[in-house]
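[1] Structure, please.
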Amino acid sequence: MTSAALESFLAELERLRDAAAASLAAAVDAAAVEQARIEFVGARSGRLKAVQKMLGGIAAADKPEAGKRFNDVKAAIAELFAAAQDRTAAAADAPGAVIDVTLPGVTVPLGHLHPVTQTIRRVQEIMAGLGFESVDGPEVEDPWHNFEALAISPEHPARDPLDNFYLAVARAADPLLLRSQTSTVQIRVMESRRPPLRIVSLGRVYRPDTADATHYPMFHQVEGLLVEPGTTMAHLKSVLRLFASSFLRGDVRVRFRPSFFPFTEPSVEVDMEWGGRWVEMGGAGMVDPAVLEAVGYDPAAVSGFAFGLGVERIAARRHGVDDIRDFYRNDVRFLRQF
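    Modelled structure (predicted):
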(Lines give C-alpha, C1' and ligand atoms only; values in the text may rest on other atoms or scores of the structure.)
Protein backbone atom coordinates (compact mmCIF):
# COMPACT_ATOMS: atom_id res chain seq x y z
CA MET A 1 0.00 0.00 0.00
CA THR A 2 1.08 3.61 -0.52
CA SER A 3 1.38 6.41 2.06
CA ALA A 4 -2.31 7.06 1.41
CA ALA A 5 -3.00 3.99 3.47
CA LEU A 6 -1.06 5.53 6.37
CA GLU A 7 -3.00 8.77 6.10
CA SER A 8 -6.29 6.87 6.06
CA PHE A 9 -5.18 4.85 9.09
CA LEU A 10 -4.16 7.94 11.05
CA ALA A 11 -7.43 9.70 10.17
CA GLU A 12 -9.40 6.68 11.39
CA LEU A 13 -7.48 6.75 14.68
CA GLU A 14 -8.34 10.43 15.19
CA ARG A 15 -12.03 9.78 14.50
CA LEU A 16 -11.97 6.86 16.93
CA ARG A 17 -10.35 8.94 19.67
CA ASP A 18 -12.83 11.80 19.20
CA ALA A 19 -15.83 9.42 19.21
CA ALA A 20 -14.60 7.71 22.37
CA ALA A 21 -14.06 11.05 24.10
CA ALA A 22 -17.59 12.22 23.20
CA SER A 23 -19.22 8.95 24.26
CA LEU A 24 -17.43 8.80 27.63
CA ALA A 25 -18.11 12.47 28.33
CA ALA A 26 -21.83 11.83 27.83
CA ALA A 27 -21.87 8.83 30.18
CA VAL A 28 -23.79 9.71 33.36
CA ASP A 29 -23.38 6.48 35.31
CA ALA A 30 -21.25 3.36 35.59
CA ALA A 31 -23.54 1.41 33.24
CA ALA A 32 -23.07 3.97 30.45
CA VAL A 33 -19.30 3.98 30.96
CA GLU A 34 -19.21 0.20 30.70
CA GLN A 35 -21.29 0.30 27.53
CA ALA A 36 -18.81 2.77 25.97
CA ARG A 37 -15.88 0.60 27.02
CA ILE A 38 -17.35 -2.44 25.26
CA GLU A 39 -18.05 -0.37 22.14
CA PHE A 40 -14.55 1.07 21.77
CA VAL A 41 -12.08 -1.29 23.44
CA GLY A 42 -14.04 -4.54 23.69
CA ALA A 43 -11.81 -7.57 23.24
CA ARG A 44 -13.98 -9.18 20.55
CA SER A 45 -15.83 -6.50 18.64
CA GLY A 46 -14.46 -3.18 19.88
CA ARG A 47 -13.87 -0.43 17.36
CA LEU A 48 -10.21 -0.17 18.38
CA LYS A 49 -9.78 -3.83 17.53
CA ALA A 50 -11.16 -3.18 14.04
CA VAL A 51 -8.73 -0.28 13.46
CA GLN A 52 -5.83 -2.41 14.66
CA LYS A 53 -6.51 -4.85 11.81
CA MET A 54 -5.78 -2.02 9.34
CA LEU A 55 -2.10 -2.18 10.37
CA GLY A 56 -1.73 -5.24 8.11
CA GLY A 57 -2.23 -3.01 5.05
CA ILE A 58 0.40 -0.42 6.04
CA ALA A 59 3.73 -0.42 4.11
CA ALA A 60 6.70 -1.72 6.08
CA ALA A 61 8.39 1.68 6.02
CA ASP A 62 5.28 3.34 7.56
CA LYS A 63 4.53 0.73 10.20
CA PRO A 64 6.76 2.22 12.96
CA GLU A 65 4.89 5.53 12.79
CA ALA A 66 1.50 3.80 12.44
CA GLY A 67 2.25 1.52 15.43
CA LYS A 68 3.36 4.46 17.59
CA ARG A 69 0.21 6.48 16.78
CA PHE A 70 -1.99 3.44 17.42
CA ASN A 71 -0.46 2.96 20.88
CA ASP A 72 -0.85 6.67 21.65
CA VAL A 73 -4.57 6.60 20.79
CA LYS A 74 -5.10 3.36 22.72
CA ALA A 75 -3.47 4.93 25.81
CA ALA A 76 -5.55 8.12 25.39
CA ILE A 77 -8.79 6.13 25.25
CA ALA A 78 -7.73 4.17 28.36
CA GLU A 79 -7.16 7.47 30.21
CA LEU A 80 -10.54 8.77 29.09
CA PHE A 81 -12.17 5.58 30.31
CA ALA A 82 -10.47 5.78 33.75
CA ALA A 83 -11.47 9.45 34.13
CA ALA A 84 -15.08 8.63 33.27
CA GLN A 85 -15.10 5.83 35.83
CA ASP A 86 -13.82 8.13 38.59
CA ARG A 87 -16.33 10.86 37.67
CA THR A 88 -19.42 8.62 37.72
CA ALA A 89 -18.30 6.87 40.95
CA ALA A 90 -17.85 10.22 42.71
CA ALA A 91 -21.24 11.40 41.51
CA ALA A 92 -22.93 8.25 42.83
CA ASP A 93 -21.36 8.73 46.27
CA ALA A 94 -22.03 12.46 46.51
CA PRO A 95 -24.80 13.74 48.85
CA GLY A 96 -27.97 14.51 46.99
CA ALA A 97 -27.17 12.07 44.21
CA VAL A 98 -30.02 11.39 41.87
CA ILE A 99 -32.05 8.38 42.98
CA ASP A 100 -34.23 6.50 40.55
CA VAL A 101 -37.44 6.24 42.56
CA THR A 102 -38.94 3.92 39.98
CA LEU A 103 -36.56 1.10 40.95
CA PRO A 104 -38.01 -1.57 43.26
CA GLY A 105 -37.09 -1.05 46.90
CA VAL A 106 -35.28 -3.43 49.20
CA THR A 107 -37.79 -5.46 51.19
CA VAL A 108 -37.21 -5.11 54.94
CA PRO A 109 -38.35 -8.17 56.90
CA LEU A 110 -40.86 -7.15 59.56
CA GLY A 111 -42.17 -9.02 62.56
CA HIS A 112 -45.58 -8.66 64.12
CA LEU A 113 -47.17 -8.47 67.54
CA HIS A 114 -47.14 -11.54 69.76
CA PRO A 115 -50.56 -13.24 69.97
CA VAL A 116 -50.81 -12.40 73.69
CA THR A 117 -50.19 -8.72 72.93
CA GLN A 118 -52.75 -8.88 70.12
CA THR A 119 -55.25 -10.35 72.58
CA ILE A 120 -54.59 -7.67 75.20
CA ARG A 121 -55.13 -4.88 72.67
CA ARG A 122 -58.30 -6.50 71.36
CA VAL A 123 -59.66 -6.84 74.92
CA GLN A 124 -58.90 -3.18 75.60
CA GLU A 125 -60.68 -2.20 72.39
CA ILE A 126 -63.79 -4.21 73.24
CA MET A 127 -63.95 -3.01 76.84
CA ALA A 128 -63.48 0.59 75.72
CA GLY A 129 -66.60 0.14 73.60
CA LEU A 130 -68.43 -0.90 76.78
CA GLY A 131 -67.25 2.23 78.59
CA PHE A 132 -64.32 0.73 80.53
CA GLU A 133 -61.04 2.65 80.91
CA SER A 134 -57.77 0.71 80.70
CA VAL A 135 -55.51 1.24 83.71
CA ASP A 136 -52.16 -0.19 84.81
CA GLY A 137 -50.17 -0.60 88.00
CA PRO A 138 -46.89 -1.92 89.45
CA GLU A 139 -45.96 -5.58 89.21
CA VAL A 140 -44.09 -5.49 92.54
CA GLU A 141 -46.66 -5.01 95.27
CA ASP A 142 -47.02 -4.73 99.05
CA PRO A 143 -49.30 -6.98 101.14
CA TRP A 144 -51.90 -4.23 101.59
CA HIS A 145 -52.75 -3.94 97.92
CA ASN A 146 -52.21 -7.60 97.05
CA PHE A 147 -54.03 -9.10 100.05
CA GLU A 148 -55.35 -7.00 102.91
CA ALA A 149 -57.41 -4.46 100.95
CA LEU A 150 -58.92 -7.42 99.08
CA ALA A 151 -60.13 -8.97 102.36
CA ILE A 152 -57.49 -11.72 102.26
CA SER A 153 -56.61 -12.23 105.91
CA PRO A 154 -53.07 -13.06 107.17
CA GLU A 155 -53.98 -16.69 107.77
CA HIS A 156 -55.50 -17.19 104.35
CA PRO A 157 -53.67 -19.89 102.30
CA ALA A 158 -53.43 -17.49 99.33
CA ARG A 159 -50.69 -15.66 101.28
CA ASP A 160 -48.57 -18.76 101.77
CA PRO A 161 -44.94 -18.26 100.66
CA LEU A 162 -45.27 -21.41 98.56
CA ASP A 163 -48.06 -19.76 96.56
CA ASN A 164 -46.34 -16.42 95.90
CA PHE A 165 -43.06 -14.95 94.76
CA TYR A 166 -41.99 -12.90 97.80
CA LEU A 167 -39.17 -10.35 97.55
CA ALA A 168 -37.11 -8.60 100.22
CA VAL A 169 -38.08 -11.22 102.79
CA ALA A 170 -35.60 -9.65 105.22
CA ARG A 171 -38.15 -6.90 105.77
CA ALA A 172 -40.29 -9.63 107.42
CA ALA A 173 -43.07 -7.38 108.71
CA ASP A 174 -43.93 -5.99 105.30
CA PRO A 175 -42.32 -8.07 102.53
CA LEU A 176 -42.82 -7.15 98.91
CA LEU A 177 -43.94 -9.67 96.32
CA LEU A 178 -44.64 -10.06 92.63
CA ARG A 179 -48.35 -9.42 92.30
CA SER A 180 -50.44 -12.57 92.11
CA GLN A 181 -53.45 -10.82 90.55
CA THR A 182 -54.28 -7.59 88.76
CA SER A 183 -56.94 -6.83 91.39
CA THR A 184 -54.18 -4.77 93.01
CA VAL A 185 -54.68 -2.15 90.32
CA GLN A 186 -58.38 -1.91 91.18
CA ILE A 187 -57.51 -1.12 94.80
CA ARG A 188 -55.05 1.58 93.77
CA VAL A 189 -57.59 3.21 91.45
CA MET A 190 -60.38 3.11 94.05
CA GLU A 191 -58.05 4.69 96.61
CA SER A 192 -57.49 7.66 94.31
CA ARG A 193 -60.93 8.07 92.68
CA ARG A 194 -64.54 8.26 93.67
CA PRO A 195 -67.36 6.30 92.02
CA PRO A 196 -68.71 5.79 89.45
CA LEU A 197 -65.86 3.64 88.11
CA ARG A 198 -65.53 1.46 85.03
CA ILE A 199 -61.99 0.19 84.66
CA VAL A 200 -60.18 -2.78 83.19
CA SER A 201 -56.60 -3.72 84.07
CA LEU A 202 -54.45 -6.04 82.00
CA GLY A 203 -50.96 -7.22 82.80
CA ARG A 204 -48.56 -9.88 84.00
CA VAL A 205 -49.11 -11.75 87.25
CA TYR A 206 -46.93 -14.35 88.96
CA ARG A 207 -47.71 -17.57 90.80
CA PRO A 208 -45.37 -20.53 91.43
CA ASP A 209 -47.53 -22.94 89.44
CA THR A 210 -46.15 -25.94 87.62
CA ALA A 211 -46.25 -25.23 83.91
CA ASP A 212 -48.76 -27.37 82.04
CA ALA A 213 -51.29 -26.98 79.22
CA THR A 214 -53.43 -24.51 81.22
CA HIS A 215 -51.03 -23.06 83.83
CA TYR A 216 -47.81 -21.06 83.76
CA PRO A 217 -45.79 -19.34 86.55
CA MET A 218 -46.08 -16.04 84.68
CA PHE A 219 -49.26 -15.24 82.82
CA HIS A 220 -51.53 -12.33 81.96
CA GLN A 221 -54.84 -11.37 83.51
CA VAL A 222 -57.64 -9.06 82.51
CA GLU A 223 -59.69 -7.79 85.43
CA GLY A 224 -62.72 -5.59 85.12
CA LEU A 225 -64.34 -3.48 87.82
CA LEU A 226 -67.57 -1.51 87.78
CA VAL A 227 -68.72 0.46 90.83
CA GLU A 228 -71.99 2.40 90.56
CA PRO A 229 -75.21 2.69 92.52
CA GLY A 230 -77.59 -0.19 91.77
CA THR A 231 -75.10 -2.58 90.17
CA THR A 232 -76.25 -6.23 90.10
CA MET A 233 -75.14 -9.68 88.95
CA ALA A 234 -77.33 -9.20 85.87
CA HIS A 235 -75.08 -6.32 84.79
CA LEU A 236 -72.02 -8.53 85.34
CA LYS A 237 -73.40 -11.34 83.21
CA SER A 238 -74.42 -8.94 80.43
CA VAL A 239 -70.96 -7.36 80.27
CA LEU A 240 -69.25 -10.76 80.15
CA ARG A 241 -71.59 -12.02 77.44
CA LEU A 242 -71.09 -8.91 75.31
CA PHE A 243 -67.33 -9.16 75.75
CA ALA A 244 -67.20 -12.86 74.91
CA SER A 245 -69.43 -12.51 71.85
CA SER A 246 -67.26 -9.68 70.51
CA PHE A 247 -63.97 -11.42 71.23
CA LEU A 248 -64.87 -14.92 70.07
CA ARG A 249 -66.92 -13.63 67.12
CA GLY A 250 -70.07 -15.56 67.69
CA ASP A 251 -73.04 -16.11 69.96
CA VAL A 252 -71.48 -17.09 73.29
CA ARG A 253 -73.44 -18.34 76.27
CA VAL A 254 -72.27 -17.53 79.79
CA ARG A 255 -73.09 -19.45 82.94
CA PHE A 256 -72.21 -18.91 86.59
CA ARG A 257 -71.27 -21.60 89.09
CA PRO A 258 -71.15 -20.80 92.83
CA SER A 259 -67.64 -20.33 94.17
CA PHE A 260 -65.69 -18.38 96.79
CA PHE A 261 -63.26 -15.49 96.55
CA PRO A 262 -62.38 -13.34 99.60
CA PHE A 263 -62.95 -10.07 97.74
CA THR A 264 -66.37 -10.82 96.17
CA GLU A 265 -69.71 -11.84 97.66
CA PRO A 266 -71.44 -13.65 96.07
CA SER A 267 -68.65 -15.24 94.03
CA VAL A 268 -68.94 -17.32 90.87
CA GLU A 269 -66.85 -19.26 88.39
CA VAL A 270 -67.47 -18.09 84.82
CA ASP A 271 -67.97 -20.67 82.08
CA MET A 272 -68.47 -19.81 78.43
CA GLU A 273 -70.02 -22.04 75.79
CA TRP A 274 -68.77 -21.57 72.26
CA GLY A 275 -68.47 -24.04 69.47
CA GLY A 276 -70.50 -26.63 71.36
CA ARG A 277 -68.17 -26.84 74.38
CA TRP A 278 -68.22 -25.25 77.83
CA VAL A 279 -64.88 -23.85 79.04
CA GLU A 280 -63.98 -22.33 82.42
CA MET A 281 -62.69 -18.82 81.75
CA GLY A 282 -62.25 -17.16 85.16
CA GLY A 283 -63.87 -15.88 88.31
CA ALA A 284 -66.24 -13.02 89.13
CA GLY A 285 -68.71 -11.69 91.65
CA MET A 286 -70.07 -8.66 93.45
CA VAL A 287 -67.40 -6.61 95.22
CA ASP A 288 -67.39 -7.50 98.91
CA PRO A 289 -68.56 -4.61 101.13
CA ALA A 290 -65.35 -5.03 103.17
CA VAL A 291 -63.32 -4.16 100.07
CA LEU A 292 -65.44 -1.05 99.44
CA GLU A 293 -64.96 0.05 103.03
CA ALA A 294 -61.19 -0.53 102.83
CA VAL A 295 -60.90 2.10 100.09
CA GLY A 296 -63.32 4.56 101.71
CA TYR A 297 -66.49 3.78 99.74
CA ASP A 298 -69.91 3.49 101.38
CA PRO A 299 -71.36 0.01 100.65
CA ALA A 300 -74.82 1.35 101.38
CA ALA A 301 -74.53 3.91 98.59
CA VAL A 302 -72.68 2.00 95.86
CA SER A 303 -72.17 -1.58 94.77
CA GLY A 304 -70.00 -3.11 92.13
CA PHE A 305 -68.88 -6.20 90.31
CA ALA A 306 -65.46 -7.53 89.40
CA PHE A 307 -64.26 -10.27 87.08
CA GLY A 308 -60.92 -11.78 86.18
CA LEU A 309 -60.00 -13.78 83.09
CA GLY A 310 -56.75 -15.34 81.91
CA VAL A 311 -55.50 -13.67 78.74
CA GLU A 312 -53.67 -16.80 77.58
CA ARG A 313 -56.79 -18.88 78.10
CA ILE A 314 -59.06 -16.66 76.05
CA ALA A 315 -56.36 -16.33 73.36
CA ALA A 316 -56.04 -20.11 73.25
CA ARG A 317 -59.80 -20.49 73.05
CA ARG A 318 -60.09 -18.05 70.18
CA HIS A 319 -57.22 -19.49 68.14
CA GLY A 320 -57.72 -23.18 68.93
CA VAL A 321 -54.44 -23.57 70.86
CA ASP A 322 -54.41 -26.62 73.13
CA ASP A 323 -51.36 -25.72 75.24
CA ILE A 324 -50.69 -22.18 76.52
CA ARG A 325 -46.99 -23.03 76.81
CA ASP A 326 -46.83 -22.74 73.02
CA PHE A 327 -47.17 -18.96 73.44
CA TYR A 328 -43.80 -18.84 75.25
CA ARG A 329 -41.69 -21.39 73.38
CA ASN A 330 -40.53 -18.69 70.93
CA ASP A 331 -41.11 -20.99 67.98
CA VAL A 332 -41.53 -18.65 65.02
CA ARG A 333 -43.28 -21.38 63.07
CA PHE A 334 -46.05 -21.22 65.66
CA LEU A 335 -46.05 -17.44 66.10
CA ARG A 336 -46.24 -16.74 62.35
CA GLN A 337 -49.78 -18.12 62.35
CA PHE A 338 -51.20 -15.13 64.22
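
[2] got any ranges where the stretch 201-338 of the chain has weak pLDDT?
    Counting by pLDDT under 70, the stretch 201-338 of the chain has no low-confidence residues at all.

[3] what's the neighbour count on the nearest residue to residue 197 once chain neighbours are set aside?
    The spatially closest residue to residue 197, leaving aside those adjacent along the chain, is residue 227, at 4.4 Å (Cβ to Cβ, 6 or more residues apart in numbering). Yep, even glycine has a C-beta here, placed from its N, CA and C like the rest. By the measure other Cβ atoms under 10 Å, the count of residues near residue 227 is 24.

[4] Skip ahead from the helix or strand containing residue 227 and say which helix or strand is next.
    Using DSSP states H and E, residue 227 sits in strand 218-228. If you walk from strand 218-228 toward the C-terminus, the next helix or strand you reach (DSSP H and E) is helix 233-248.

[5] in that next one, what counts as buried?
    Within helix 233-248, the residues scored as buried using 16 or more other Cβ atoms under 10 Å are 235, 236, 237, 239, 240, 242, 243, 244, 245, 246, 247.

[6] try stretch 134-148
    By 16+ other Cβ under 10 Å, the buried positions in stretch 134-148 come out as 134, 135, 137, 141, 142, 143, 145, 146, 147.

[7] Can you tell me how far the second one is from residue 293?
    Meaning residue 135. Taken as Cβ to Cβ, to the nearest Å, the spacing of residue 135 relative to residue 293 amounts to 21 Å.

[8] ok, now residue 248?
    According to Cβ to Cβ, residue 248 stands 37 Å off from residue 293.

[9] can you check residue 327 too?
    Using Cβ to Cβ, we find residue 327 at a distance of 39 Å from residue 293.

[10] again, but for residue 110
    In this structure, residue 110 and residue 293 are 51 Å apart, going by Cβ to Cβ.

[11] So for these two, which residue has more residues nearby?
    Neighbours of residue 110 and residue 293, each counted by other Cβ under 10 Å, are more numerous for residue 293; the result is 13 against 5.

[12] who's in contact with the closest residue to the more buried one other than its chain neighbours?
    Setting aside the residues directly before and after it, residue 293 is nearest to residue 299 in space (Cβ to Cβ, 6+ apart), at 6.3 Å. Counting by Cβ atoms under 8 Å, 6 or more residues apart in numbering, residue 299 makes contact with 289, 292, 293.

[13] before we move on, what about residue 237?
    Per Cβ under 8 Å, 6+ apart, neighbours of residue 237: 254, 256.

[14] before we move on, what about residue 263?
    150, 151, 152, 183, 287, 288, 291, 306.

[15] any idea how far residue 278 is from the fourth one?
    This means residue 183. 25 Å.

[16] got it, and the first one?
    According to Cβ to Cβ, residue 150 stands 28 Å off from residue 278.

[17] and the contacts of residue 263, which of them are in strands?
    Restricting the contacts of residue 263 to those inside strands, with DSSP state E as the criterion, leaves 287, 306.

[18] Of the contacts of residue 263, which is the nearest to residue 88?
    Using Cβ to Cβ, residue 183 comes nearest to residue 88 of the contacts of residue 263, at 69.0 Å.

[19] isn't the closest one right up against residue 152?
    No: proximity of residue 183 to residue 152 does not meet the contact threshold set by Cβ atoms under 8 Å, at 9.7 Å.

[20] For those two, indicate the residue with more neighbours.
    When residue 183 and residue 152 are compared for neighbours, residue 183 comes out ahead with 27 against 20, by other Cβ under 10 Å.
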